[in-house]
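Engineer: Everything below, folded, please.
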Amino acid sequence: MTGEVKVFSRSVVTSNFRRHNIMTNSIENIYSDFRANYVDKPDFAIDFYERNSIYFNNIKQFKDKEELRLYIEMVCKYAEAVYQKDRCNSAIDFVDKQQLFIDNEIQRLNADNLKDAWYHSLQFVKGMASYNLKDYKTSTPIFKKLAQYDNQNDRYKSWLNYSQYGQKIWLVRTINILCIGLIVGEMVFESQLPNYYVRQTILVTGLLGLLANSAYEYYIKRHHRKTNAN
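Structural biologist: The predicted structure follows:
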């Protein structure tokens, strides 16, 4: 019984100590620690964020724009680190959660000036992670928006180009599968399609689709090479 009381007491003390740390800590202190010990490696950013996750997860709002600015920078570094570890789905989920919170705080604090390079880095991480997952439908609009925000940024332009190319290649391959399906279907179900003109229409549609699609694929690959050469 005495042992149980000691364990309970230790648990209460630990819990109170953590709550005390959360109350006495601050964004400024955490950021100072972050910059003083910063190492440009993913493991550092991940370990640092997770070490301070109790504080970060308990933030409801910021007292001023400066706190929000420091917070955005730190969560950006964490998102980048998670992406660099090839944890693309985790990076996307983290960005989506943080983006909503940050946008609400920007609106509350009337802090549109904080929509700077750090702010857009969050969406850049989501765009890269989506691209790596071949989710071009998500990545292309993100890179397009980023390229509009900073039309001098070659990285944004390059990722937009590759994302648009990936989207077009995906379309080409989908059409190829459909056309091949028409041709194979006509051959397999020939006996069940007694009408000669129907069979020929299906066959010709499939063949012409493959030819037209091959020409389109050649064009987009040629255009992609030229764009990268410039």
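Engineer: Which residue, other than its chain neighbours, is closest to the residue most central in space within the chain?
Structural biologist: The residue lying closest to the centre of the chain (CA atoms, centre = their mean) is Lys126, at 1.7 Å. Excluding the flanking residues, the one nearest Lys126 by CB to CB, 6 or more residues apart in numbering is Val95, at 4.4 Å. No exception for glycine: its C-beta is placed from N, CA and C like everyone else's.
Engineer: can you pull the contacts of the one you found?
Structural biologist: Ala79, Leu122, Gln123, Val125, Lys126, Ala129 (CB atoms under 8 Å, 6 or more residues apart in numbering).
Engineer: host element of Val82?
Structural biologist: helix 65-84 (DSSP states H and E).
Engineer: Following the chain onward from that helix, which element is next?
Structural biologist: helix 88-109.
Engineer: pLDDT averaged over that following helix - what is it?
Structural biologist: The average pLDDT for helix 88-109 rounds to 96.
Engineer: any idea how far Asp150 is from Tyr31?
Structural biologist: As judged by CB to CB, to the nearest Å, Tyr31 and Asp150 stand 25 Å apart.
Engineer: Comparing these two, which residue is more hemmed in?
Structural biologist: Neighbour tally, Tyr31 and Asp150, criterion other CB atoms under 10 Å: the higher count belongs to Tyr31, 17 against 13.
Engineer: Quick check: the more buried one touching Met74?
Structural biologist: Yes: the pair Tyr31 / Met74 is scored as a contact, 6.5 Å apart, by CB atoms under 8 Å.
Engineer: As a check, name the ranges of all helices in the protein.
Structural biologist: 2-24, 27-36, 42-51, 53-57, 65-84, 88-109, 117-132, 136-149, 154-188, 196-229 (DSSP state H).
Engineer: Contact partners for the residue nearest to Arg199 when sequence neighbours are not counted?
Structural biologist: Nearest non-adjacent residue to Arg199, counting by CB to CB, 6+ apart: Leu193, 5.0 Å away. The contact partners of Leu193, taken as CB under 8 Å, 6+ apart, are Glu186, Arg199, Ile202.
Engineer: still on that earlier bit, in the helix holding Val82, what counts as buried?
Structural biologist: 67-84 (16 or more other CB atoms under 10 Å).
Engineer: Output the lowest mean pLDDT helix or strand found in the chain.
Structural biologist: helix 2-24 (a mean of 42; mean pLDDT, DSSP states H and E).
Engineer: ok, back up a step: would you mind measuring from the residue nearest to Lys126 to Val125?
Structural biologist: For Val95, the distance to Val125 equals 6 Å [CB to CB].
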